[in-house]
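what follows is a protein structure lacking sequence information:
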Ligand SMILES: Nc1ncnc2c1ncn2[C@@H]1O[C@H](COP(=O)(O)OP(=O)(O)OP(=O)(O)O)[C@@H](O)[C@H]1O
Ligand SMILES: Nc1ncnc2c1ncn2[C@@H]1O[C@H](COP(=O)(O)OP(=O)(O)OP(=O)(O)O)[C@@H](O)[C@H]1O
Ligand SMILES: [Mg+2]
Ligand SMILES: [Mg+2]
């Protein structure tokens, strides 16, 4: 409808954190389907969900959180089963200058450290807390490790990018974010401390075609492209863990 | 005679509303619908009971308290810092005036999140001013004071613009009269300018107060989001929004109800002499038709 | 004699600034620092070259174009819809007036995302008004018109409040005079009210225009984030923020520079007669001290 | 004919006035400050509605609250010059004058022509591009007059329209006003504080006191039969209230009044009378007068005020009982040494006094 | 002593005035509309600074641009009543009057006392709680006066302070003004358009014409030797410019002037002279006069204006050459049928004319 062109438009609602990857995939998709144009609507998963719940016409929904996918699904808006198309894992990041001289995860309990995490209500926050509890069960960590770390939290961000921003600018001494957030651009400013694999948490990104789609075949083709090796490699290049090769 | 002898009685006693007033009434109708419908939609979603229940939650109360505290402080600061600037802009010509004007308006167009970053870059730990401040042991991010700073930055223009227009509208003859009655510039300002520009100042306070109360992006970016310290109502709403739309709506309605009360209170500044603020006044009241 | 005979010469020819003016100057200094430093911080981060490069990108141009289009349309709509309401509030007493006043101010305190949500509930496909609209084949969400609607909703209060104060400040004796000169209410409004309230109206236009230009939360929630259709500059900034802070900053600075130009242009409405707007005017120019 | 019969409360003040202003004539409205003159004009202009009563122009009602009828100001064939001019500060003199014609959407050529002519008539041509704040008080007032008169109103309401004008300008403007009025069947209500203006302008004069019309009639009636203390003061004559106490044989009566008894011509009536004593009929002397004057009062000089035009006649206020004002020459003032405080005798002949019988006194 | 010597340009108008106003006296400032009276007062008040010159009070400069010195208005010992009152609309009458005392931080008790006393003196007690828009024009003006006078200023600047007052109020206010001024060494500059007021108030009178002081001196000088056409008009006397054409034997000279030759007393000088002819010295008749009057002019009646106080004397404007104004009685107007357009003769005796020699004429 945008330019009145004869092209048909496929509407993809995708979490904003997927912006770069999905733009690349969309371009590839348009190349494969000459009569089609992909229109990306990039916003928070929750915003997309409420748009869908309020009757937005879309063909594909890619969420950064399973919670909002199930929300949409409960409202019978999803066509078939959602598929997980990407994973993510947590890392702890520090400013390059490392003002609090943090060397290892245990240092996060030191008093006076400014730690930034996601809020409990956002997936990354939920995962971070889970991960800290997991760490407490590992050797070399206190039993009340999680409690002591969380006592250092100076801000519970509503958005994982804000956590990155605070660390990147050196305002916070440490932050817990997704591995995918440490893009090459960000990597110039921050240093990451890996979480031991047993304690880490796996975030899942579900994708689905939508019941209201007027072009279900094309929608399914788009989902297939995301799940295909070429789609997955785009994700990987953009720092998002593909599903293939992970548990 | 420049008009037909009977033309003046052609109209009814009360002039019949011709085209333009009709259009005006239509415009008001559209505006009211536009503004009211979303609120109706919002409020229709929540039961008063849920509202009361949420209001009882300590976390909500905490956010409410913090919102009130910070927005009132921020508005007070805006008034204190902004009034002299508004006065200066309204009464004096000086070099760089246009620049100051534009500077004061700029925060309005900055997306709030970016404003928050900008604040960080100036007053954050690594910011050049923040660097200097930290030498005195002062750190603003992640503190309540930081919240207030963010709100002041975002809300100041909304006070200064109407205040300035109000000051500029005061009849200079009255200021002259005050000067000949031995009033110093300060006294002229306090006793003539201020009371006569009051309606505009009240408008400015309510605009900037509302802006501070609703401030989200700059606050969370600059000051973070910690319950009891920096989590104001809008931040609580956003966080709730991430997990539970209905909870967020309830919180918003709570915020609305509170603001409603606040605005109802503020707006009741008596407009008694607003209509006759200028010149020497006129005998007789306005027509009571 | 109520003052010492020599007291009047104790002051220098120009009165030395005592405490209060000193404080006022300090306040202006603090304000300027507060407002200017963040911009300095922001601009210090980007090189003009990057700015130019980004400005060349079609996506950025597209967002800029859309921002301009929507915010100008929204401001025009706000003026058209808001002026009658401001006039009504300034000149008439009627039942439900307080309610209308508060209704007009409420959008200011609503967190924008919640406002967008409320708009969806009213004008979305499932909303009660949207339902009715869709019967006529009109759908607002995910359209440029939807962006404008969201901006109107958020920006209207910022025009109406100063406009109202401006109208209320017009000397009623001048309106009386116009009436006796055969001017209908419409003519009185157009030829007396409007020009005399102009400074306040200009303030309102710039406030609401800026608010529309910077609008993000309500837009993305209600109208979505479709490049070329609903992706305005603040939304583009948001997307950029997802991958790269610096890219977002560059876009913001671009927005700033554009607004700067816009504001510089807008603000230059001549304030020539603002100072003498009321009553019958006074002989002699203001003191040139 | 403009017919006014209205009642209107404003705060603690009530205007309750009945007045008729004939077409083609100037009705001067005089009255103390606060007596309701401006209020009355505003009622006729439609800027204020009466609580009660009716205002009609040539029989057709302009306002009639009982019939819920009120023609709005813009529908009335009026010209109104407010006491404070109320010029539009954002318009220059020319645009101020053109305002009414523009509001009526007259053709542009006609507007230009009529505005230019009117500006010229009021000697404002050179000031046409000035804003009100660039005009002196008198210049502003002329613009206000021109602005109202350019519309050729049928009812002209002038609230002290010459108060800011100097003598010479006033003469021009007055002549211009006359010319404008003569050509039309215009009814003019003219508020003024100045006896000169009142007598120069008003074929008819109405007196407003505390919201009520206490006297209204021709100029002659006004001058010869001042019905209230206010009018007497306005005219500068002495008004003394008293009661006929005795009847003399020679066509004179003795009237008992404040502190004394005066001898005056017999009005052929009984009871309360009102005496009009012209100041120039009163002789002031330092020694008790020897002449034939029947009335001699003792007192002290209160104030000495030279009278225009040239100050050759001087008004002397005396604290006799009753207090009197006398008019003497400047020479008399000098030779008699009439300075405040001087003890003097005031005498006047019985036959010089005008006696009004059966006229309601005022407070 | 207030010493004024200033030059100030505003737009195309330039005020260039020198004037001294002695302490303890009222200097009346008269002049045409737009002649710069208000501008002069604003300069003294400090609301406007001169481009050049100096204003000093008792020798001490208030403003001296050459020395870059200007005492701000609030530092000058002035009281200023503006032509348009400029009352504070947000304050009631009482608070308006108290404004200056509050600004000076006088003790509350003193403020209350002085304000109450001043309100009473100006008969404003009952109106003390009214806002300006609830007051009539005259009441507003009294508040403005009270507001300035409560401060006991040393220099009083009054810009037509009585223009909105009716006669009776004016008398009270004038008396009150007098009382206030007498107790103090106050220098008063009093702008007025009204000859009555000028003569009643001004011990000294200064005339401003087109921004220049053209005459300034005592009241007597002003009345006897009008130095300009404006002053003559102000006083209502006729002023005729001419040149001595011939010298008669009987102490009279022939003066050639506009359209005719007049016979007047010999001033003992040559060349240009200015003749002052009092209107009451001019006899108006329908037939050519038979008497001894040396000067007889023919003309047509232009206008007939009754004069105050009672209209018994009437001013008749004649289009003779030169045009003259005559003063006659009302009876004369009636018996002679002096209506506009009537052909008449105007005659006056040579000896009644005052001849001013060597006085610079004005345009
Ligand atoms: N809004 C008001 N509220 C209360 N009283 C008012 C109001 N307006 C006017 N008045 C009073 O009504 C009376 C009549 O006022 P008005 O202006 O008609 O007097 P006026 O005859 O024109 O006097 P002036 O010659 O001084 O102009 C005055 O006593 C005035 O104080
Ligand atoms: N701001 C201005 N710009 C241009 N001319 C002005 C300005 N103010 C005053 N004037 C002019 O200066 C002259 C003197 O004005 P001023 O007010 O002093 O006259 P005035 O003697 O008080 O007259 P009036 O008796 O009518 O009040 C007038 O001709 C006026 O038009
Ligand atoms: Mg009046
Ligand atoms: Mg003046």
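Good, I have the coordinates. Worth saying up front: this structure is predicted, and the values here are computed from it rather than measured. Ligands and ions are numbered 1, 2, ... in the order given.

in chain B, which helix is the longest?
The helix spanning the most residues in chain B, taking DSSP state H as the definition, is helix B:58-91.

pull the distance from the helix or strand just after that one to the chain's centre.
Beyond helix B:58-91 on the C-terminal side, the first helix or strand identified by DSSP states H and E is helix B:97-105. Relative to its chain's centre, helix B:97-105 lies at 19 Å (C-alpha atoms, centre = their mean, to the nearest Å).

what residues does helix B:97-105 touch?
Residues from elsewhere that reach helix B:97-105 (C-beta atoms under 8 Å, 6 or more residues apart in numbering or on different chains): B:85, B:88-89, B:156-157, B:160-161, C:31-32, C:35-36, C:39, C:206-207, C:210, C:259-260, C:263-264, C:267-268. All C-beta spots, glycine's among them, are computed from the backbone N, C-alpha and C.

for that helix, which positions count as buried?
Using 16 or more other C-beta atoms under 10 Å in any protein chain shown as the test for burial, helix B:97-105 gives B:100-105.

just want the most central residue of chain A.
By C-alpha atoms, centre = their mean, chain A has its centre lying nearest to residue A:64, at 4.7 Å.

pretty sure it sits against residue A:17.
Yes. Under the criterion of C-beta atoms under 8 Å, residue A:64 makes contact with residue A:17 at 5.3 Å.

for the stretch 251-363 of chain D, which segments count as helices?
D:330-336 (DSSP state H, counting those that start in this stretch).

nearest residue to residue D:343 in space, please, no chain neighbours.
residue D:300 (5.7 Å; C-beta to C-beta, 6 or more residues apart in numbering or on different chains).

meant to ask about residue B:126
Nearest one to residue B:126, counting by C-beta to C-beta, 6+ apart, is residue A:170 at 4.3 Å.

ditto for residue A:127
Nearest non-adjacent residue to residue A:127 (C-beta to C-beta, 6+ apart): residue A:201, at 4.3 Å.

helix, strand, or coil at that neighbour?
Following DSSP: H, G, I helix; E, B strand; the rest coil, we place residue A:201 in the coil state.

next up, the contacts around it.
Going by C-beta under 8 Å, 6+ apart, the list of residues near residue A:201 reads A:89-90, A:127, A:130-131, A:134.

please redo it, this time with the cut-off set to 6 Å
Shown in contact with residue A:201 (C-beta atoms under 6 Å, 6 or more residues apart in numbering or on different chains): A:127, A:130-131.

mind putting the residues you listed in a markdown table, pLDDT, distance to residue A:195 and secondary structure included?
Formatted as a markdown table, these follow (pLDDT from 0 to 100; distance: C-beta to C-beta, whole Å; DSSP: H, G, I helix; E, B strand; the rest coil):
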| residue | pLDDT | distance to residue A:195 | secondary structure |
| --- | --- | --- | --- |
| A:127 | 92 | 10 | helix |
| A:130 | 94 | 11 | helix |
| A:131 | 95 | 6 | helix |
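
in TSV: these, plus distance to ligand 2 and neighbour count.
Below are the contacts of residue A:201 laid out as TSV (distance: C-beta to the nearest ligand atom, whole Å; neighbours: other C-beta atoms under 10 Å in any protein chain shown):
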residue	distance to ligand 2	neighbour count
A:127	73	23
A:130	76	15
A:131	76	21
